[in-house]
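Visitor: Dropping a prediction and its sequence here:
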Amino acid sequence: MAEERTYIMVKPDGVERGLVGEIIKRFESKGYKLVALQLLPTSRELLNEHYCDLKDKSFFGKLINYMLSGPVVGMVWEGKDIVKTGRRLLGETDPLNSAPGTIRGDYCIDVGKNLCHGSDSVVSAQREISLWFPNGVLSWERHNVHKLIYE
Ligand code: UDP
Ligand code: MG
């Protein structure tokens, strides 16, 4: 069975604040496997597609300007139940509701500067991965580590 994947993105504030390594570290130390990673400027076209479900929200314009304010780091992580667990590692959308120990709980305060994105379902993850990584991701084996993490 194919392993589950999710799209995780460090937003412009996270890149500028130097939190890329910290965010990668949370997923790495949990035991998940990195299968794609890129630093890139965003564009209105990509963001309109990425956030197509939120077009009618009052905060949509503000969100797009925030996401256009600098480069982002996009990544794809793979492993058991990664979509749901990835969201738990990030914390709640509103950082003030996020538990300490989560990324948003530990490093930010306002919802409009909440550092990171994580896919909200397996279907969204597939859509977001093909949007941000049109050339695909890397399938590779962790020969020794895999059996130390999974039973
Ligand atoms: N957002 C905002 N105000 C809100 C709700 C969301 O500025 O009231 C921003 C916030 O940056 C959030 C993004 O819009 O991460 C996408 O919203 P969504 O509901 O998809 O939250 P997420 O999936 O990122 O937790
Ligand atoms: Mg979302």
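Guide: Happy to help now that I have it. Ligands and ions are numbered 1, 2, ... in the order given.
Visitor: does the residue nearest the centre of the chain sit in a helix, a strand or a coil?
Guide: In the chain, the residue lying closest to the centroid (Cα atoms, centre = their mean) is I8, at 1.5 Å. Put simply, I8 is strand when judged by DSSP: H, G, I helix; E, B strand; the rest coil.
Visitor: isn't it right up against M75?
Guide: Yes. At 5.1 Å, I8 counts as touching M75 under the criterion of Cβ atoms under 8 Å. Glycine gets a C-beta too; all of them are placed from N, C-alpha and C.
Visitor: in this structure, which spans are helices?
Guide: 12-16, 20-30, 44-50, 60-67, 82-90, 103-107, 122-132, 145-149 (DSSP state H).
Visitor: out of these, which comes closest to L115?
Guide: Closest of those to L115 is helix 12-16, at 4.1 Å (criterion: Cβ to Cβ).
Visitor: which residues are contacting that closest one?
Guide: Residues outside helix 12-16 that contact it (Cβ atoms under 8 Å, 6 or more residues apart in numbering) are 20, 23, 39, 42, 66-73, 107-108, 113, 115-116.
Visitor: Please flag which of those residues sit within strands.
Guide: Those of the contacts of helix 12-16 mapping onto strands are 39, 72-73, 116, per DSSP state E.
Visitor: Which residue, other than its chain neighbours, is closest to Q126?
Guide: R5 (7.8 Å; Cβ to Cβ, 6 or more residues apart in numbering).
Visitor: Tell me how many other residues crowd the residue in the chain that ligand 1 sits nearest to.
Guide: Of all residues in the chain, T93 sits closest to ligand 1, at 3.3 Å by Cβ to the nearest ligand atom. Neighbourhood size, T93 [other Cβ atoms under 10 Å]: 12.
Visitor: Now tell me which helix or strand of the chain has the poorest mean pLDDT.
Guide: helix 145-149 (a mean of 94; mean pLDDT, DSSP states H and E).
Visitor: distance between stretch 24-37 and the chain's centre?
Guide: 11 Å (Cα atoms, centre = their mean, to the nearest Å).
Visitor: contacts for that stretch?
Guide: 3, 5, 8, 73-79, 82, 85-86, 89, 103, 129, 133, 136-140, 142, 145, 149.
Visitor: returning to that earlier point: next up, the contacts around the residue nearest to the centre of the chain.
Guide: Residues touching I8, when contacts are defined by Cβ under 8 Å, 6+ apart, comprise 23, 27, 74-77, 86, 90, 116-119.
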